[in-house]
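**Student:** with the sequence up front, the predicted model follows.
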Amino acid sequence: MVDALPADSSPLQRLEAALRAHLKFQLVENDYARAVVRSIGQYPEEMWQRVNEKFRAYGKFFDNLIAAAMKAGQLDPEVDRSALRMLIIGAANWAPEWYRADGSSTVEEIGDLLVRLLQKGVRLSAKQSGIR
């Protein structure tokens, strides 16, 4: 989904697209992803090491998106990037615990809300960023 964006997409748009894709993958596209998140603390050590390498690479992908949005003046650079990354990915990873396909919100609406929390919570205003 992130690669499907136009090359001139803003760093924040790329971050939002990645977050929406992650959430959709967790909620409707992959039972395996939900199982991995739920059982992560129960892996044998040798399996954990292999899986953790992939988790770290995925975390680095999101960290780079967040850093680019901060550098572009779209997210508050004073925010702890690591904490922000863990909060947004953690929120998406926890959603399968409470999400129901027949519930009050669609996957898209939940993605909109998560993106809105990101935008309103740590996004710099146009005045702060110098963007009009």
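**Tutor:** Thanks, I have it.
**Student:** only C-alpha atoms from now on, for both contacts and neighbour counts.
**Tutor:** Fine.
**Student:** mind listing the helices for the protein?
**Tutor:** 11-24, 31-39, 45-71, 81-98, 107-122, 126-129 (DSSP state H).
**Student:** the residue nearest to the spatial centre of the chain and Gln26, how far apart?
**Tutor:** The centroid of the chain falls nearest to Leu19 when counting by CA atoms, centre = their mean (3.5 Å). Remark: distance between Leu19 and Gln26 (CA to CA, to the nearest Å) = 11 Å.
**Student:** just to revisit the earlier point, tell me the contacts of the residue nearest to the centre of the chain?
**Tutor:** Going by CA atoms under 8 Å, 6 or more residues apart in numbering, Leu19 touches 88-89, 92, 111, 115.
**Student:** circling back: what touches both of Leu19 and Gln26?
**Tutor:** With CA under 8 Å, 6+ apart, Leu19 and Gln26 have common neighbours Ala92.
**Student:** contacting residues for the closest residue to Ala69 other than its chain neighbours?
**Tutor:** Spatial nearest neighbour of Ala69, excluding adjacent residues (CA to CA, 6 or more residues apart in numbering): Pro11 at 4.8 Å. Listed by CA under 8 Å, 6+ apart, the contact partners of Pro11 are 65-66, 68-69, 72, 74.
**Student:** what is the nearest of those to Asp31?
**Tutor:** Proximity of the contacts of Pro11 to Asp31 (CA to CA) peaks at Leu65, which lies at 25.9 Å.
**Student:** okay, now that closest one: neighbour count?
**Tutor:** Using other CA atoms under 10 Å, Leu65 has 20 neighbouring residues.
**Student:** how far away is Gly111 from Leu117?
**Tutor:** From Gly111 to Leu117 the distance is 10 Å (CA to CA).
**Student:** out of the two, which sits in the busier spot?
**Tutor:** Comparing Gly111 with Leu117 by other CA under 10 Å, the one with more neighbours is Gly111, at 21 against 13.
**Student:** fine, thanks again, bye for now.
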